[in-house]
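Q: Have a look at this prediction, sequence included:
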Amino acid sequence: MGGPVIDVAVGSDIGKRYSANFDVTYLRAQPLLAVVADGMGDGPGSAAAGRTAVEMFVDHVARAEDPGPDTYRAAVAAADAQVNRIGQELRSLAGCTLTAMVATPHGYSIVQIGDSRVYRLRDGLLELLTTDHTMAWLGAVHGWYPFDSQQAAAARYHLTRYVGRGGAPEPDVLSVTLRPGDRYLLCSDGVSEQVGYDDLRIFLGRNAAAQAIVTDLLKACDRAGGNDNASVIVLRVD
C-alpha cells in the first residue's frame, strides 16, 4: 500500500483579498492521503466547514481497513450533516468543497465534491480529471451562455454540490493509476481561476521537486492578483 509516489508537497497562500485563509489542506505522504477543502464565503461558517470536512474525511479513511467508495461517501455524508448543523447554530453560511486523492491496497482514488480540482500531466498532456459541481460548468457543457460571459462568471459561485448543502450530497469517486513521469495537481479554485491551462502545464512539466513547483504556482497566483486563497498539492511519480 502506498505505491510509487516519490515526491509530494503542499502549500497554501492567503492571497490579497481576504484577511484569513479559508482553505484547509491535509497531506500524508505514505500511504498517500491528500485533501484540499475550500470554504464558501469569508465568515466563521466557512472556516469551520473546511476544518470539519477535512478532519472527518481523514478520520473515516484512517479508520477503514480497506477504504473505498463507500468509505468516502460515508465520510462526506457525515461531514455534510455536521457542517449543516454548524451553519444552523451560527445562522450563517457554512459550506466547503472537498477534493482528495487516496492510496488504497487496490490503487488510487480521487474524491470530488465542489469546484476544487485534480489535474494530471501525462506524456505532455494536461487533463482535468474532475468535474466542477457548479452551474457554470453545466452552462458551459450545454451551451446556455458563453463561458467568458457575465452569466458564466456569476454561475461559478452557484455550487450544485458541496459539503454543508444538506441531504448527504454524494461525491464523485474515480479510480486512477500512477505511471512513471505523471504529475498530479490538487488545487482550490484560487489556483485554477488565476493560473491558466498553459501555465499549469508548464509548471507541472518542469524537472523540479514537488515543493519547488508548489512554491512557483503560489507565486503565480500572487502575480495574477491574489484574488482568492490558493492551495496546492503536487505529486511527482517516479
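A: Received it, and whenever you're ready, just let me know what you need.
Q: just checking, what packs against the top helix by length along the chain?
A: Longest among the helix segments of the chain by residue count, using DSSP state H, is helix 69-90. If you count contacts as 3 or more C-beta pairs under 8 Å, 6 or more residues apart in numbering; DSSP states H and E, helix 69-90 packs onto helix 44-63, strand 98-104, strand 107-113, strand 172-176. To be clear about C-beta, it is placed using only N, CA and C from the backbone, and glycine gets the same treatment.
Q: So which elements touch the helix or strand just after the shortest one?
A: So the one you mean is strand 172-176. With elements assigned by DSSP states H and E, the helix or strand that comes after strand 172-176 is strand 183-187. The contact analysis (3+ C-beta pairs under 8 Å, 6+ apart) places strand 183-187 against strand 33-38, strand 98-104, strand 117-122, helix 197-205, helix 210-223, strand 230-237.
Q: tell me the most buried of the helices and strands packed on helix 69-90?
A: When those are scored by mean count of other C-beta atoms under 10 Å, the highest mean neighbour count falls to strand 98-104 (a mean of 25).
Q: hmm, who's touching that one?
A: Outside strand 98-104, the residues within contact range by C-beta atoms under 8 Å, 6 or more residues apart in numbering are 1-3, 5, 30-37, 53-54, 57, 61, 66-68, 72, 76, 79, 108-114, 116-118, 130, 163, 171, 184, 186, 233, 235.
Q: How about stretch 166-183?
A: The contact list for stretch 166-183 (C-beta under 8 Å, 6+ apart) reads 3-5, 69, 72-73, 76-77, 80-81, 84, 98, 107-113, 120-123, 129-131, 161-163, 184, 204-205, 213, 234-238.
Q: what's the average pLDDT for it?
A: Stretch 166-183 comes out with an average pLDDT of 95.
Q: let's number from 8 now, not from 1
A: Done: numbering now begins at 8, and the last item shifts to stretch 173-190.
Q: Can you give me the buried ones in it?
A: The neighbour-count check on stretch 173-190 (16 or more other C-beta atoms under 10 Å) flags Pro176, Pro178, Asp179, Val180, Leu181, Leu185, Asp189, Arg190 as buried.
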